[in-house]
Every structure is written in structure tokens, then in C-alpha cells.
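1. here's my sequence, what's the structure:
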Amino acid sequence: MVRPVMKIMRMCACLVCAASAAGALAQAYPSKPVRVVVSFPPGAGVDIVARTVMPRLADALGQQFVIDNRAGASGNLGSEVAAHAPPDGYTLLFTPASVASSQALYARLNYNLTKDLEPISMVAAAPFVLVVHPSLPVKTVKELIAMAKAKPGQLLYASTGNGGSPHLATEMFKQQANIDITHIPYKGTPPAVTDLIAGQVSMMFANTLSVLPYVNAGRLRALAISSAKRSAAAPSIPTIAENGMPGFDSVTWFGVLAPAGTPRDIINKLGTELRRIAQTKAVADQLIAQGADPLGSSAEEFAARIKSDIAKWTVIIKAAGIKAE
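-> Next up, the predicted model:
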């Protein structure tokens, strides 16, 4: 009976040592610079948010967090790079919400969001503003819907590209309102907004950062905000839900993930600091000034949001017959 007992004692000792080593790893982390893969180019919304938050994280943890812009394939290139990196906490992914809709939009991806990446925290979210050209004789969502029903197919709406977040937000609006409006895709926000201001198209769901200056100058008219609650960046603009479409919610969130298998202690350490940083007054004020609402979610809340977004956009994309370009 002595040998089995000794064997069990040795196994317990090994487990204790392993636990102690894991704890020491988390305490020592980070001991070298951390690469933060941003899945869009410099100047994009997610890049702006990352460059707002990451210097504070570096100050808090005493190590560099180096942004590595890996744009391409609608953000999927950067996501793939991060998903296949070693799960040691030294490669992170900073991504917008399009990473979730891509799971429904693309038939083949070289990574699986829910299997290959581990959510850490949603840092911020930016709603879309439903804007129209001032010449359009509507001032509310209800009036816009009435016009669209009176003129099926005649209202043109701009987007930043086929399958992009503004396109999907408009398709969700179109389906819920049961209207027929015509999609005009552009290659990015600037040309779409330019043509909207010129009156070449009638309406658009655009991010707050891109269009609020034009709304304030009277060059565009804001009808509603796309988030479930009013935005701190534009508190006077009512939500679409307030305009008779309960449950409407479409925002671009910005979050941090790590390769699956990253030690839980490291995930928790990063999540705790990111939540704290997002809620500090200096960062919150800066995010709001940029058109984003500070969040700072738990890993569990982030995972639930990813799961619900994949399910929601799968339904919208299938119903609209949207194909990735």
C-alpha cells in the first residue's frame, strides 16, 4: 500500500508545482514587448481606439504593447495572424465587430473565431448614425419608411462596401421595416460620404466619427442612432428603437482577443486592466470625443456578444443573399 500512496503524493506535488509555476508566469507577465495585431490600416476606427488604449495598458503593466497593423481581406488577414500565433500572451488581436459577421459572410476562412481566439474584453463601441441628404423631405425614421414604401426601389443607400458593417446594418433596417431600397456600394467611408453630401445617394448608416461633423454643419441630417441606447457621443439623436423598431441594435464594437489556449491568469490580468482603463475619465472622454462609447466588458460578456452577433448576422446575410466580394 505504500507505493500507491507515494505515487499519489508525488502527483499532488507536481500539480502544486505546476499551479505555482502558472501563478509565477502570470505575475511575471509581460516580461517582454507584446505584439497587438490590429486588423485594419492606420487611421481606421479600430486603430484609433487601439492607439488610445494600448499606451495606458503599457504604462499599467510596465511593458511595451506594439501595434502591428495587418490589414487585408476585410480584417480577416490580421485575425488569422493572431489566431495562429503562440498562445503565450505575447500576441493579441485588436479587432472591430466585423470579425463576427465575417464568420457568416465568408464560406471559407483560415481561422474559427470561437475556437481559435479567446475573448478578453470589449473596450468600446461606436454606433452608426442613419443620415440622409438635407434635400430629402423626411425628419424622422417613420417618415423615411413611409417614403420608401411610397417609392419602392427608388431610394439609394450608400455603404462602405458589400458585406461591410454599414451594409449589414442597412439590410437589417430594410428587413425589419419591410422596405425596398437600393444598395450603392463604395470602396470605403470617404467616397460614400462625399456622394451622400453631394446628393448622389439619399441615405446611409455611417459611423459617428465620420459624419457627426457634417451633421453639426447642416450638410447632413441625422434621423437616428443604431445602438440600443443613446450614444454618449451624440446624446440628442434618438435611437431607431425609439422610432418604433424595438430591439434594433447594430454597433461596431472594438475588442481584444488572444489565441486560444492562452493561460487563464494572463487573460484575467489583461481583462482587469482593460476594463479599468476603458472607464478612466481621460480615456472615456477621449473615446467619446472620437465618437465611441467606452465599455470595458468581462471576457464572458464579450464571448456572449460574439456568439449572438454571429447568429444575428447569419440570419441577416442569408435573408439578403449577401455574398462576399
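
2. got the phi and psi for residue 182?
-> Residue 182 adopts backbone torsions of phi -100, psi 130, taken as degrees, to the nearest 10.

3. same question but for residue 34, I mixed them up
-> phi -110, psi 130.

4. show the contacting residues for it.
-> 63-66, 89-92 (Cβ atoms under 8 Å, 6 or more residues apart in numbering). Yep, even glycine has a C-beta here, placed from its N, CA and C like the rest.

5. neighbour-wise, give me the winner out of the residues you listed.
-> Highest neighbour count within the contacts of residue 34, by other Cβ atoms under 10 Å: residue 92, with 27 neighbours.

6. and the next element down the chain from whichever helix or strand that one is part of?
-> Following DSSP states H and E, the helix or strand that holds residue 92 is strand 91-96. The helix or strand immediately downstream of strand 91-96 is helix 98-105, counting by DSSP H and E.

7. residues contacting the closest residue to residue 210 other than its chain neighbours?
-> Leaving aside its chain neighbours, residue 210 sits nearest to residue 189 (5.0 Å; criterion: Cβ to Cβ, 6 or more residues apart in numbering). Taking Cβ under 8 Å, 6+ apart, we find residue 189 in contact with 160, 206-207, 210.

8. so of those residues, which ones are in helices?
-> Counting by DSSP state H, the contacts of residue 189 place residue 210 in helices.

9. so of the contacts of residue 189, which ones are in strands?
-> 206-207 (DSSP state E).

10. closest one to residue 251 out of the contacts of residue 189, please.
-> The shortest approach to residue 251 among the contacts of residue 189 belongs to residue 207, at 9.4 Å (Cβ to Cβ).

11. so the residue nearest to that closest one when sequence neighbours are not counted: helix, strand or coil?
-> The shortest distance from residue 207 to any non-neighbouring residue, by Cβ to Cβ, 6+ apart, is to residue 126 (5.3 Å). Assigned with DSSP: H, G, I helix; E, B strand; the rest coil, residue 126 falls in the strand class.

12. confirm for me that residue 126 is in contact with residue 293.
-> Yes: using Cβ atoms under 8 Å as the test, residue 126 is close enough to residue 293 to be in contact (7.2 Å).

13. overlap in contacts of those two?
-> residue 233.

14. between these two, which one's more packed in?
-> residue 126 (29 against 22).

15. contacts only, for the more buried one.
-> 45, 207-209, 233, 251-254, 291-293.

16. hang on, the earlier thing: so how far is residue 44 from the residue nearest to residue 210?
-> 9 Å (Cβ to Cβ, to the nearest Å).
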